[in-house]
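Engineer: Pasting the sequence and the predicted model now:
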Amino acid sequence: MSIRGGAARHGGSGADPRRRGTGGTTVAELEILGIPQSNFVWACRLAAAEKGVPHSLLPLMPHAPEVKAINPTGKVPAMRHGAVTLGESRAICGYIDAAFDGPRLIPADTAKAALVEQWASIVNTVVEPVCVRQYLMGYFFPGTPDGSPNRAVIDPAIPKMQDQLRMLDQAVAATGFLAGDAFSLADVFLVPNLVYLSRAPESGALLKELPALSAYLDRMLSRPTVQATIPPPIPT
Ligand SMILES: N[C@@H](CCC(=O)N[C@@H](CS)C(=O)NCC(=O)O)C(=O)O
């Protein structure tokens with residue numbers, strides 16, 4: 001799967017992302033490794049799409065040998081770009097933002113960049129562990145004998161998930177973006193989680209009652225980059 005667009009900048013990492021082909025200089029392909037249904041893989045693909053960077057996707061499961069060769073934790077996503085290999089979605093998104101032309105996902109302005117990092121961190125270290133790892137996994141990967149939702153996991157997460165969605169509703173109310181007044185890395189990380197949350201019963205119902213957050217989700221879903229990277233259903 002490829003998305004067309006943007007040009008590679010010549011980075012200062014010492015690892016030249018450009019390769020020389022027989023017909024002259026060609027731009028190395030950006031490869032993202034990991035199943036597309038992973039919220040973190042989706043975030044990296046969305047970052048690439050927002051930058052206008054073409055990428056190919058290798059839909060590998062966590063702990064596949066090619067993933068472990070890059071990231072010793074075995075977690076997806078991983079990334080290859082010429083001689084550059086990376087694991088961890090924040091590092092991958094940061095690389096994509098810095099290595100390629102295209103709209104900045106992390107603003108140049110120091111204070112604006114810090115605000116983006118603040119919200120990206122809140123999404124990844126506060127919201128995601130409760131809303132995705134605990135609440136949604138209780139539905140999507142329940143681990144119950146009959147495959148029914150795992151209420152022992154889901155129910156204790158609900159009040160925390162509700163508080164967090166209300167917090168996000170307030171955060172996006174001012175500008176329609178999570179951090180600052182433009183699409184950023186903070187939105188890259190929030191959007192996949194929010195799309196999945198809209199599909200589960202309690203979070204989907206609450207989202208409908210939160211005007212700013214539901215309008216935000218509708219606007220995000222109308223972005224061609226989100227539509228281009230939206231994952232297929234989890235194979236059964
Ligand atoms: N901190 C990592 C988290 C990635 C992550 O948790 N990926 C999940 C899939 S959504 C995974 O690979 N899980 C397998 C495991 O934890 O062993 C990142 O930001 O890339």
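Structural biologist: Done, it's in. Residues are numbered from 1 along each chain as shown.

Engineer: From here on, just use CA atoms for contacts and neighbour counts.
Structural biologist: Fine.

Engineer: Show the subsequent helix or strand relative to the longest helix seen in the chain.
Structural biologist: Longest helix in the chain, counting residues (DSSP state H): helix 151-173. Using DSSP states H and E, the helix or strand that directly follows helix 151-173 along the chain is helix 185-197.

Engineer: interface residues of the protein facing the ligand?
Structural biologist: 38, 39, 40, 62, 75, 76, 77, 88, 89, 90 (Cα under 6 Å from any ligand atom).

Engineer: Of the residues you listed, which is the most crowded?
Structural biologist: When the residues of the chain next to the ligand are compared by neighbour count (other Cα atoms under 10 Å), residue 77 ends up highest, at 32 neighbours.

Engineer: Any chance of JSON lines for the residues of the chain next to the ligand, columns pLDDT and secondary structure?
Structural biologist: Compiled in JSON lines, these are given as follows (pLDDT from 0 to 100; DSSP: H, G, I helix; E, B strand; the rest coil):
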{"residue": "38", "pLDDT": "98", "secondary structure": "coil"}
{"residue": "39", "pLDDT": "98", "secondary structure": "helix"}
{"residue": "40", "pLDDT": "98", "secondary structure": "helix"}
{"residue": "62", "pLDDT": "98", "secondary structure": "coil"}
{"residue": "75", "pLDDT": "98", "secondary structure": "coil"}
{"residue": "76", "pLDDT": "98", "secondary structure": "coil"}
{"residue": "77", "pLDDT": "98", "secondary structure": "coil"}
{"residue": "88", "pLDDT": "98", "secondary structure": "coil"}
{"residue": "89", "pLDDT": "98", "secondary structure": "helix"}
{"residue": "90", "pLDDT": "98", "secondary structure": "helix"}
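
Engineer: Distance from stretch 160-176 to the middle of the chain?
Structural biologist: 18 Å (Cα atoms, centre = their mean, to the nearest Å).

Engineer: In contact with residue 29, which residues?
Structural biologist: Residues in contact with residue 29 (Cα atoms under 8 Å, 6 or more residues apart in numbering) are 54, 55, 56, 81, 82.

Engineer: how about the residue nearest the centre of the chain, phi and psi?
Structural biologist: Among the residues of the chain, the one closest to the centroid is residue 43, at 1.5 Å (Cα atoms, centre = their mean). The phi/psi pair for residue 43 (degrees, to the nearest 10) reads phi -60, psi -40.

Engineer: mind checking how far it is from residue 204?
Structural biologist: Per Cα to Cα, to the nearest Å, residue 43 is found 20 Å from residue 204.
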